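Asks: 3D, please:
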Amino acid sequence: MDHYGFWSLLPPLLAIILAIKTRQVFISLLFGIWIGWVILNDWNPFYGALAAIQALVDVFKDAGNTRTIMFSALVGALIAFVQRSGGVEGFINYINRFLKYVESRKKGNSRRVVQILACLTGFLIFVESSISVLAVGSIFRPVFDRLKIPREKLAYIADSVSAPICILIPLNAWGAYVMGLLMAQGLSDPLKIMIKAYPLNFYPLLAILVVILVILLQKDIGPMRKAERRAVEEGKVIADDATPMISDEIISLDKKTGLTAKAKNMIIPILTMILMMPVGLIYSGWSQVKNIDSLSFGTALFKAIGCGSGSTAVLWAVLSSLLVAGVLYRSQKLFKLPELINLTFKGVGGLIPLALLMMLAFAIGKVCRDLGTGIYVAEVSKQWLSPDFVPVIVFLVSCFIAFSTGTSWGAFAIMIAIAIPMAKTMDVDIPLTVAAVLGGGVFGDHCSPISDTTIISSMASASDHIDHVKTQLPYALISGSIAALFYLIAGMF
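Replies: Model (predicted):
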């Protein structure tokens with residue numbers, strides 16, 4: 001059996017509803033995983049519980065999962081490094097001087113300017129979505145706190161820029177992955193199709209446009225307006241009952257006494273991590289490229305990025321960053337080796353909750369695959385498709401699959417295999433169909449509380465995870481609704 005019908009929807013839906021209702025993400029995910037394995041074990045709760053425990057253990061059988069969880073924990077060490085060394089304070093001093101200059105030219109502009117800077121930083125880091133949100137959150141969180149901008153707003157900016165900009169620029173693992181899926185469907189020129197699809201990829205374009213308008217107009221809606229009012233009137237960047245996705249011991253870690261704050265102590269390690277990402281992709285993928293000797297260097301490079309391991313690249317990136325930071329700090333005689341080791345453990349300890357959450361996200365993704373959640377949704381949608389409505393239906397189904405499974409890449413894999421043959425059979429424009437799949441996957445991933453990008457956005461911004469989801473959702477729904485309307489119109493012409 002390919003799927004378990006309606007019951008395959010139960011685990012992700014229950015996990016999402018419980019997470020939003022109770023604000024207990026860990027318990028909600030555990031419950032969703034348990035229910036999934038109960039279904040898989042003929043509704044036996046005892047065997048379901050045993051299978052769920054084994055599934056959590058089996059998460060680490062996948063090397064990619066293990067590398068991602070290690071990366072998530074080691075990021076805590078990097079954050080501790082750049083804070084304790086005075087790197088964050090030095091960078092904030094530069095930003096503050098720039099903001100004072102802005103205020104001297106036009107009073108009251110600081111909040112807008114720093115949000116624009118955060119947005120631009122996310123644009124520049126288009127290599128990988130997790131690196132993008134991590135850099136934006138880690139760099140700008142102290143500045144946002146000083147200006148009393150709610151952390152929900154920082155998480156929203158980081159999250160709304162990361163995946164949309166990554167899917168709009170093909171020179172990264174996202175583009176290479178999608179082109180691989182298109183080639184698997186027998187399409188001979190996937191790059192050309194993707195280039196044609198980009199102007200039709202309405203959701204990422206609208207998501208970026210909305211976040212820019214929110215920043216420029218300084219107008220908020222729904223829960224974000226309440227968060228802004230709380231931050232401005234009460235000086236609280238997070239709510240009283242909030243649980244930040246990072247230990248207070250890390251975000252409040254002061255510069256070591258007697259050190260001079262230098263921005264380079266943060267900028268150099270962060271840049272190392274960003275630059276090592278494509279290097280890791282190329283190195284891990286080079287040996288996987290077929291007939292590499294017959295290809296031009298540029299083509300071979302691009303194919304290597306596509307074949308590279310994203311989890312390997314991010315792990316190497318953060319390890320390289322920690323190594324460079326350690327050498328940099330020792331050369332300045334800022335820390336002795338035992339201090340660096342203690343800082344590493346302190347930072348890793350602060351992000352243990354994130355690592356556990358990533359483990360649970362991987363486990364619920366596995367049970368959804370075993371239940372055939374994505375396959376069931378796609379099959380149901382086939383029954384009411386017509387050529388004119390193919391783009392909008394493909395978009396909506398991709399949204400739902402990505403939302404309920406927490407992965408845009410998983411939605412891409414499922415829907416491209418279904419949508420491309422469907423588009424060929426019904427004579428629907430292929431680039432438009434591809435754009436609908438990609439936009440829907442990004443939307444679902446953007447909104448889902450069990451998405452790794454959403455989780456890392458909350459972590460990097462030290463925001464309460466459910467508060468981030470709630471405040472971001474109205475903006476995403478506006479962009480998603482307009483995108484759906486555009487696909488409906490495009491399908492009719």
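
Asks: can you pull out the helices in the stretch 251-400 of the chain?
Replies: Ranges of helices in the stretch 251-400 of the chain, per DSSP state H, counting those that start in this stretch, are 264-286, 297-307, 310-331, 337-350, 352-371, 373-382, 390-405.

Asks: from those helices, which stretch is densest packed?
Replies: Mean neighbour count (mean count of other C-beta atoms under 10 Å) peaks for helix 390-405 among those, with a mean of 27. Backbone N, C-alpha and C define where each C-beta goes, glycine included.

Asks: Tell me which helix or strand comes right after it.
Replies: For helix 390-405, the following helix or strand on the C-terminal side (DSSP states H and E) is helix 408-426.

Asks: Which strands or helices does the helix or strand following that following helix pack on?
Replies: Downstream of helix 408-426, the first helix or strand assigned by DSSP H and E is helix 430-447. Contact analysis of helix 430-447 by 3 or more C-beta pairs under 8 Å, 6 or more residues apart in numbering; DSSP states H and E lists helix 151-168, helix 173-184, helix 190-197, helix 202-217, helix 390-405, helix 408-426, helix 452-461, helix 465-491 as its packing neighbours.

Asks: and of these, who's closest to N342?
Replies: The minimum distance between N342 and the helices and strands packed on helix 430-447 falls on helix 452-461, with 21.8 Å, by C-beta to C-beta.

Asks: Distance from the chain centre to stretch 266-286, please.
Replies: 18 Å (C-alpha atoms, centre = their mean, to the nearest Å).

Asks: CA atoms only for it - export them in PDB, please.
Replies: Below are the C-alpha coordinates for stretch 266-286, written out as PDB (Å, rounded to 0.1, in the frame of the first residue of the first chain):
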ATOM      1  CA  MET A 266      32.600  38.200  14.600                       C
ATOM      2  CA  ILE A 267      32.800  39.100  10.900                       C
ATOM      3  CA  ILE A 268      35.700  36.700  10.100                       C
ATOM      4  CA  PRO A 269      34.200  33.600  11.600                       C
ATOM      5  CA  ILE A 270      30.700  34.300  10.100                       C
ATOM      6  CA  LEU A 271      32.200  35.000   6.600                       C
ATOM      7  CA  THR A 272      34.200  31.800   6.900                       C
ATOM      8  CA  MET A 273      31.000  29.800   7.600                       C
ATOM      9  CA  ILE A 274      29.200  31.500   4.700                       C
ATOM     10  CA  LEU A 275      32.100  31.000   2.200                       C
ATOM     11  CA  MET A 276      32.700  27.400   3.200                       C
ATOM     12  CA  MET A 277      29.200  26.400   2.400                       C
ATOM     13  CA  PRO A 278      29.700  26.400  -1.500                       C
ATOM     14  CA  VAL A 279      33.200  25.000  -1.000                       C
ATOM     15  CA  GLY A 280      31.800  22.100   0.900                       C
ATOM     16  CA  LEU A 281      29.100  21.500  -1.700                       C
ATOM     17  CA  ILE A 282      31.700  21.500  -4.500                       C
ATOM     18  CA  TYR A 283      34.100  19.200  -2.700                       C
ATOM     19  CA  SER A 284      31.500  16.700  -1.500                       C
ATOM     20  CA  GLY A 285      29.900  16.600  -5.000                       C
ATOM     21  CA  TRP A 286      32.900  16.700  -7.300                       C
END
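
Asks: now that stretch: mean pLDDT?
Replies: The pLDDT scores in stretch 266-286 average 83.

Asks: Check stretch 78-87 too.
Replies: The model assigns stretch 78-87 a mean pLDDT of 84.

Asks: Tell me which residues are up against that stretch.
Replies: 88-89, 138, 246, 250-251, 253-256, 259-267, 269-270, 273, 318, 321-322, 325-326, 329, 334-335, 340, 343-344, 346-347, 350-351 (C-beta atoms under 8 Å, 6 or more residues apart in numbering).

Asks: before we move on, the earlier item: tell me which of the helices and strands packed on helix 430-447 lies nearest to S110.
Replies: Nearest of the helices and strands packed on helix 430-447 (C-beta to C-beta): helix 202-217, 12.5 Å.

Asks: Report the buried residues of the closest one.
Replies: Neighbour counts over helix 202-217 (16 or more other C-beta atoms under 10 Å) mark 202-208, 210-212, 214-215 as buried.

Asks: List just the nearest of the residues you listed to G439.
Replies: Closest to G439, out of all of these and judged by C-beta to C-beta, is Y203, at 3.6 Å.

Asks: residues in contact with the spatially closest residue to that closest one that is not a sequence neighbour?
Replies: Among residues not flanking Y203 along the chain, G439 sits closest, at 3.6 Å (C-beta to C-beta, 6 or more residues apart in numbering). Shown in contact with G439 (C-beta under 8 Å, 6+ apart): 201-204, 395, 398, 483, 487.

Asks: A411: which of those residues is nearest?
Replies: Looking across the contacts of G439 and measuring by C-beta to C-beta, the closest to A411 is S398, at 5.0 Å.

Asks: So for that closest one, what's the nearest residue that isn't a sequence neighbour?
Replies: Closest to S398 by C-beta to C-beta, 6+ apart is G440, at 2.7 Å.

Asks: residues in contact with the one you found?
Replies: Contacts of G440 by C-beta under 8 Å, 6+ apart are 203, 394-399, 401-402, 411, 415.

Asks: I'd like the distance between the nearest residue to S321 once chain neighbours are set aside and V279.
Replies: Distances taken as C-beta to C-beta, 6+ apart place M273 nearest to S321, at 3.8 Å, with adjacent residues excluded. Here the distance between M273 and V279 works out to 11 Å (C-beta to C-beta, to the nearest Å).

Asks: Same list, the contacts of G440, but as a markdown table with distance to V178 and pLDDT please.
Replies: A markdown table is the format used below for those (distance: C-beta to C-beta, whole Å; pLDDT from 0 to 100):
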| residue | distance to V178 | pLDDT |
| --- | --- | --- |
| Y203 | 15 | 94 |
| V394 | 14 | 86 |
| F395 | 15 | 92 |
| L396 | 19 | 90 |
| V397 | 17 | 84 |
| S398 | 12 | 85 |
| C399 | 17 | 90 |
| I401 | 15 | 80 |
| A402 | 14 | 83 |
| A411 | 11 | 75 |
| M415 | 11 | 76 |
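
Asks: Next up, the contacts around the residue nearest to S321.
Replies: Listed by C-beta under 8 Å, 6+ apart, the contact set of M273 reads 78, 131, 135, 317-318, 320-321.
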